[in-house]
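[1] take a look and give me a structure for this.
(one chain, ligands or ions: 2)
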Amino acid sequence: MKKLTYILFASVIILTGCSEDFELNDNDQNLNVQLLAGKYVAFTADGANVTIPDIDAEEGETGIELNVEVPTGSTSNVIVNFTFGGSAVFGTDFTVANATSSGGSVTIVPDPGDDPADLIDNVDIVVDLLTDNNQDGDKVLEVILSSASNADGSVLVGRGGTDLLKTAVINISDID
Ligand SMILES: [Ca+2]
Ligand SMILES: [Ca+2]
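    Ligands and ions are numbered 1, 2, ... in the order given. This is a model prediction of the structure:
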């Protein structure tokens, strides 16, 4: 009898647990659906590609444009924050306007029109590579999207909030 009571009791707990889990799952699923359908910013790739090729450049090249888009569009400005990685040193090997060694930000200003033919809202992160008259070897610069937000709150980074299209790589050849 004790065993039966225990089993019944355990069943009640399991059933109760299940119903709670279902509710939680439902909430989670709603949240996930919203997140997946939500806005994200990512580096612009050709077609349905989920990667962008490394950019090969050399010291002294300026105006290297890394395009960032918000594919679903946005009704308010999207501020995109980015950081730097790799062996290249800010201020020695490269600069980016209005950025520091710890990173910077650019703003995607939405296109006012709703014409589907309009380009997807986007902005360039512009990288200038520096000369140093020094045989310092080839360097690698990574520009990594770190966070983003618009008037509605935070916006995911990377395609669908994943690591895809979150990092752009510039290989910098030493010219000395
Ligand atoms: Ca250098
Ligand atoms: Ca050099």
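
[2] spatially nearest residue to Glu69 (excluding sequence neighbours)?
    Leaving out its chain neighbours, the residue that sits closest to Glu69 by Cβ to Cβ, 6 or more residues apart in numbering is Asn122, at 3.9 Å. The way it works is simple: take the backbone N, C-alpha and C, and place the C-beta from them, glycine included.

[3] show the contacting residues for that neighbour.
    Going by Cβ atoms under 8 Å, 6 or more residues apart in numbering, Asn122 touches Thr44, Asn67, Val68, Glu69, Val70, Ile108.

[4] quick one: it from Pro53, how far?
    Noted for Asn122: a distance of 18 Å to Pro53, by Cβ to Cβ, to the nearest Å.

[5] which stretches in the chain count as helices?
    Under the criterion DSSP state H, helices of the chain are mapped to 2-37.

[6] quick one, grab the pLDDT at the residue nearest the centre of it.
    Central residue of the chain (Cα atoms, centre = their mean): Val157, 2.7 Å from the mean position. For Val157, the pLDDT comes out at 97.

[7] I'd guessed it sits against Phe43; true?
    No: in this structure, Val157 is not within contact of Phe43 by Cβ atoms under 8 Å, at 9.9 Å.

[8] how about the residues of this protein by ligand 1?
    Asp93, Asp132, Asp136 (Cβ under 5 Å from the ion).

[9] so who does the last one touch?
    In this structure, Asp136 makes contact with Asp93, Asp174, Asp176, judged by Cβ under 8 Å, 6+ apart.

[10] return the member of these nearest to ligand 1.
    Asp93 (4.2 Å; Cβ to the ion).

[11] that closest one touches Asp132, doesn't it?
    Yes: here Asp93 reaches Asp132: they are 7.2 Å apart, a contact under Cβ under 8 Å.

[12] who has more neighbours out of the two?
    Asp93 (21 against 15; other Cβ atoms under 10 Å).

[13] domain assignment for this protein?
    1-37, 40-173 (automatic domain parsing).

[14] pick the most deeply packed of the ones you listed.
    Of all the domains of the chain, domain 40-173 carries the top mean neighbour count, a mean of 16, counting by mean count of other Cβ atoms under 10 Å.

[15] so does that domain get close to ligand 2?
    Yes: contact of domain 40-173 with ligand 2 (Cβ under 5 Å from the ion) involves Asp132, Asn134, Asp136.

[16] okay, how far is it across that domain, tip to tip?
    End-to-end distance of domain 40-173 (Cα to Cα, to the nearest Å): 32 Å.
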